[in-house]
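A.B. asks: Build me a model:
(one chain, ligands or ions: 1)
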Amino acid sequence: MIQRPRGTRDFLPDEMEKRRFYENILRRTAKTFGFREIATPIFEESELFILRSGPNVLGELYAFKDKGDRDIALRPEMTAPAIRMFVNEMSNEPRPIKMFYFGQCFRYERPQSGRYREFFQFGAELIGNANAETDAEIIAMAVSMIRALGLKDYKVRIGHIGVLRQKLIEADVPKDRMAEVLQKLDKKLYEEAEPLLQSMSVSKENIDNIFKLTETVGGKEVLNSIPGDAGDYLRNIIEILAAMGVNGVEIDLGVVRGLDYYTGIVFEAEAPSLGAEKQICGGGSYTLSELFGGEKVFSTGFAIGFDRILLAMEKEGQVFKNEGVKAYVVPASEDVKLEASKVVALLRENEIVSDIDIMGRKMGKAMKYASAIKAEYVVIVGTQELEQKSVTVRNMETGEQTLVKINSLVGFIAN
Ligand code: HAM
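C.D. replies: Residues are numbered from 1 along each chain as shown. Prediction:
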């Protein structure tokens, strides 16, 4: 038997129905914020991701040569593709440009609960003005999506990577080695960050200050201790979010992010119930467009780890009820088969989820099957009933049977 590759999953019908349901909730929320859906290829030229994704993503890239000897990679995320698309096709569109996407991404990681090699992101990118309103719009939408899914226990933390980058520059960390340091700080690997910084001749005092900065955590009260304009910028965002009904967001300058392209605010949402892989959403503002040959524009965005947020909802006991079949049509004998086909066609034309016996089952077995698939009604098409232009409808929950005229069947079942 051939097994599926490690870190991938199959989705059976029940699971798929659930995923589509929640995916559409996210789509609706994005639309209410004025965002429009886009799609980009699942594979791109490797360079797109090599340019600015940082050491974390590079080590995890699914990259290969195609038959034309081109370097190709499966997308590990969708921000770079979205911005490439903007540069190629949308740079003349009126601003702001608000786009969202849903699709699979690939990272060669060590699989575990909530961490896969193929996973799904629901994300959004906003190209607009460099101001707090733009960043707040993105954070508000991320929070609205988490809420719309019904997740209760989650935390949102906002930081500002610009502050940390500035601090690293002041401490004489070479620009081309910044990503290495940020990677360690992102993972809170202080014991590894310290010798790394020492190897770059950063003083003990500066190292302490850098670490201290990443420990600036709290409510509005910590904003005053943030150097430069970043404190005011974050205050402004918090105020706009509060006006939009988004409260309880925490300030945390320790939010560093694993990707290398962020330049301004950065934020993350986590669901504590998930344990080690608890990050359900990440984002921030960044510059990528000029790297791909476009003009310099302000962009900000986020991506929700769709698989992880579903896991968190499940952990909280949220149950999804599959829709199932509304009506199951059974011909009582051979000679009424065509009439049964007409009945099922009538139901389907009226958008009633219905099925018909195609296995040639006898009535008793057909009834058993109908209860196995949790059909709400069984519609029995028999000779006698047809003489009265009727069918027998059995309510599978109560067992009640009713003779129903075919021309009022749709109304009876849809009620
Ligand atoms: P990211 O933090 O790398 O950001 O990924 C976003 C989310 O995808 C994570 O918070 C996590 O929930 C989920 N995720 C990441 N890796 C895996 C995995 N192996 N298995 C399951 N879920 C995973 C980005 O990708 C950025 N493009 C977000 C962004 C958009 N920033 C600006 N715009």
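A.B. asks: and the stretch 151-300 of the chain, which of its residues are near the ligand?
C.D. replies: Contact residues, the stretch 151-300 of the chain versus the ligand (C-beta under 6 Å from any ligand atom): 258-259, 279-284, 286. Yep, even glycine has a C-beta here, placed from its N, CA and C like the rest.
A.B. asks: rerun that using 5 Å as the cut-off
C.D. replies: 279-280, 282-283 (C-beta under 5 Å from any ligand atom).
A.B. asks: What residue, apart from its backbone neighbours, is nearest residue 220 spatially?
C.D. replies: residue 238 (6.5 Å; C-beta to C-beta, 6 or more residues apart in numbering).
A.B. asks: now do residue 102
C.D. replies: Using C-beta to C-beta, 6+ apart, the closest residue to residue 102 is residue 122 (4.8 Å).
A.B. asks: Give the rounded mean pLDDT of the strand or helix carrying that neighbour.
C.D. replies: Assigned by DSSP states H and E, residue 122 belongs to strand 118-128. For strand 118-128, mean pLDDT is 98.
A.B. asks: cool, stretch 268-281 as well?
C.D. replies: For stretch 268-281, the per-residue pLDDT averages 96.
A.B. asks: Could you list the buried residues of that stretch?
C.D. replies: 268-271, 273-274, 277-281 (16 or more other C-beta atoms under 10 Å).
A.B. asks: first to last residue in that stretch, what's the distance?
C.D. replies: End-to-end distance for stretch 268-281, by C-alpha to C-alpha, to the nearest Å: 6 Å.
A.B. asks: follow-up on the earlier one: now for the residue nearest to residue 102: which residues touch it?
C.D. replies: 23, 26, 100-102, 145, 303-304, 306 (C-beta atoms under 8 Å, 6 or more residues apart in numbering).
A.B. asks: Please indicate which of those are buried?
C.D. replies: For the contacts of residue 122, buried by 16+ other C-beta under 10 Å: 26, 100-102, 145, 303-304, 306.
A.B. asks: And those, which is closest to the ligand?
C.D. replies: Set against the ligand, the nearest of those by C-beta to the nearest ligand atom is residue 303 (3.8 Å).
A.B. asks: What residues does the stretch 301-415 of the chain have near the ligand?
C.D. replies: When proximity is defined as C-beta under 5 Å from any ligand atom, the stretch 301-415 of the chain approaches the ligand at 301, 303, 305, 308.
A.B. asks: who does the residue of the stretch 151-300 of the chain found nearest the ligand bridge with?
C.D. replies: Relative to the ligand, the nearest point of the stretch 151-300 of the chain is residue 282 (3.1 Å; C-beta to the nearest ligand atom). Beta-bridge partners of residue 282, counted by DSSP bridges, are residue 268, residue 303.
A.B. asks: and if you look at residue 252?
C.D. replies: For residue 252, the beta-bridge partners under DSSP bridges are residue 217.
A.B. asks: Tell me how many other residues surround it.
C.D. replies: Residues near residue 252, counting by other C-beta atoms under 10 Å, number 22.
A.B. asks: Contacts only, for it.
C.D. replies: Taking C-beta under 8 Å, 6+ apart, one finds 157-159, 216-217 in contact with residue 252.
A.B. asks: State whether residue 361 and residue 372 are indeed in contact, as I suppose.
C.D. replies: No. Counting by C-beta atoms under 8 Å, residue 361 sits too far from residue 372 to count as a contact (11.6 Å).
A.B. asks: more crowded one of these two?
C.D. replies: Shown here are residue 361 and residue 372; by other C-beta under 10 Å, residue 361 has more neighbours (15 against 8).
A.B. asks: Next, work out how far apart the more buried one and residue 25 are.
C.D. replies: 37 Å (C-beta to C-beta, to the nearest Å).
A.B. asks: and if you look at residue 39?
C.D. replies: When distance is defined by C-beta to C-beta, residue 39 is 19 Å away from residue 25.
A.B. asks: among the residues of the stretch 301-415 of the chain next to the ligand, which are in helices?
C.D. replies: Judged by DSSP state H, those include residue 308 as members of helices.
A.B. asks: Let me have the residues of the stretch 301-415 of the chain next to the ligand in CSV, adding distance to residue 70 and pLDDT as columns.
C.D. replies: Putting these into CSV (distance: C-beta to C-beta, whole Å; pLDDT from 0 to 100) gives the following:
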residue, distance to residue 70, pLDDT
301, 28, 98
303, 26, 98
305, 30, 98
308, 33, 98
